[in-house]
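Engineer: dropping a prediction and its sequence here:
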Amino acid sequence: MGDPCGIGPEIVLRALAAEARVDAPPQALVVADVAVMRRALALLAETERVPLAVVESPADAAACPPGCIAVWQPPGLPVGLAQLPWGHVDARAGAAAARCIDAAVAALQRGDGAALVTAPVHKEALAAAGVPYPGHTEMLQALAGAGGTPPPVRMMLANDEIKVVLVTIHMALRAAIDAVTFDAVLQTIRIAHTASARWGQPRPRIAVAGLNPHAGEGGLFGDEEIRVIAPAVAAARAEGIDAQGPFAPDTVFMRARRGAFDLVVAMTHDHGLIPVKYLGVEHGVNVTLGLPFVRTSPDHGTAFDIAGRGVADAASLRAALRMARQLAGA
């Protein structure tokens, strides 16, 4: 459900109501606080409201009657979540969002689902609840590696025009520059290549963006391209990966959009995400690469400024649902 004080519960219901069929059981299970979902249901227009079917366990979702939305409330959620004010940071909301993610991953690992779609969480609320991860990606990585070594993961943001995979994500820019190492860049290229192969594209054309203006201009504006990025690209090519670059970050995304490349590897969070989001937040999907299960999410946040008003657009979440099903099927 995401953060219960944000638009997550509302867009989940709006997206699933749009696909509910009177002749088929629900194709998705909402992991959430039931009272929170009922509060969100009241925000929708009368024509959008679909009955909620509360199940005792994820395995029961397939037996739900047609034309409804299946909801499972995992144990251990804070009490009184439906009384929290819309659009405010609250530790209880952060704890609830984290607990739902934890429970959903456990259900996937038991075989009670094919993919995970996450509604937006609020990083301040997670921190207030004592959750030791800055966002979904890091939390899912830890859960996937419980009892062993966490798998290396990367964030990919994708729409119908471009796909971007990030070397660094949620960290200060000063720290991100130091985190752009040979190993990190090469590992990102490998993860992007492997993920594409799993989804039916065995030899994707990968463009690697530089870190500095004009990709360093031969060392005039920084030498990370010479010392780190170009050697990583060469190492990837030696492994048979079709990687090219480093290219100037201010033009490589246009080239990919025009069809020259299948995806772009970008060094930092904003370098990579601004081009995708500029093309339309409603179309973008966040995919976590490297996990042992499919995970997608919309490419926007909790939108506290409009939470509780019943006006949130579910287009990006619908796109995340579609992509999760496509990737799970692949």
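Structural biologist: Now that the structure is in, tell me what you want to look at. Note that the structure is predicted; figures quoted are calculated from it, not measured.
Engineer: quick check: residue 232 touching residue 186?
Structural biologist: Yes - Residue 232 is within contact range of residue 186, at 4.2 Å (criterion: C-beta atoms under 8 Å). The C-beta positions use only the backbone N, C-alpha and C, and glycine is treated the same way.
Engineer: between the two, who's got more neighbours?
Structural biologist: residue 232 (26 against 22; other C-beta atoms under 10 Å).
Engineer: for that one, which residues are in contact?
Structural biologist: Shown in contact with residue 232 (C-beta atoms under 8 Å, 6 or more residues apart in numbering): 182, 185-186, 189, 208.
Engineer: wait, isn't residue 108 in contact with residue 117?
Structural biologist: No - applying C-beta under 8 Å, one finds residue 108 not in contact with residue 117, separated by 11.2 Å.
Engineer: of these two, give the one with the bigger neighbour count.
Structural biologist: Using other C-beta under 10 Å as the criterion, residue 108 and residue 117 rank with residue 117 on top: 24 against 21.
Engineer: quick one: that one and residue 293, what's the gap?
Structural biologist: Using C-beta to C-beta, to the nearest Å, residue 117 is found at 11 Å from residue 293.
Engineer: I'd say residue 293 and residue 118 touch.
Structural biologist: No - at 11.9 Å, residue 293 does not count as touching residue 118 under the criterion of C-beta under 8 Å.
Engineer: low-confidence ranges, the stretch 151-300 of the chain, go.
Structural biologist: Counting by pLDDT under 70, the stretch 151-300 of the chain shows low-confidence ranges at 281.
Engineer: how about the strands in it?
Structural biologist: Listed in chain order, the strands of the stretch 151-300 of the chain (DSSP state E, counting those that start in this stretch) span 154-158, 163-166, 206-209, 243-247, 263-266, 285-289, 294-298.
Engineer: mind checking which of the ones you listed is nearest residue 145?
Structural biologist: Residue 145 lies closest to strand 285-289 among these, at 12.9 Å (C-beta to C-beta).
Engineer: hey, C-alpha coordinates of that closest one in CSV?
Structural biologist: What follows is strand 285-289, C-alpha atoms only, in CSV (Å, rounded to 0.1, in the frame of the first residue of the first chain):
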residue,chain,number,x,y,z
VAL,A,285,8.1,2.6,-14.1
ASN,A,286,10.8,1.8,-11.5
VAL,A,287,12.2,-1.7,-11.8
THR,A,288,14.7,-3.2,-9.4
LEU,A,289,17.3,-5.3,-11.3
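Engineer: where's that strand relative to the chain centroid, distance-wise?
Structural biologist: Strand 285-289 sits 4 Å away from the centroid of its parent chain (C-alpha atoms, centre = their mean, to the nearest Å).
Engineer: and residue 313, what does it touch?
Structural biologist: Shown in contact with residue 313 (C-beta under 8 Å, 6+ apart): 11, 282.
Engineer: check residue 306 too.
Structural biologist: Applying C-beta under 8 Å, 6+ apart to residue 306 gives the contacts 7, 87, 312.
Engineer: I'd like to know how many residues surround the last one.
Structural biologist: The burial metric for residue 312, expressed as a neighbour count using other C-beta under 10 Å, is 22.
Engineer: which non-adjacent residue is nearest it?
Structural biologist: Among residues not flanking residue 312 along the chain, residue 7 sits closest, at 3.9 Å (C-beta to C-beta, 6 or more residues apart in numbering).
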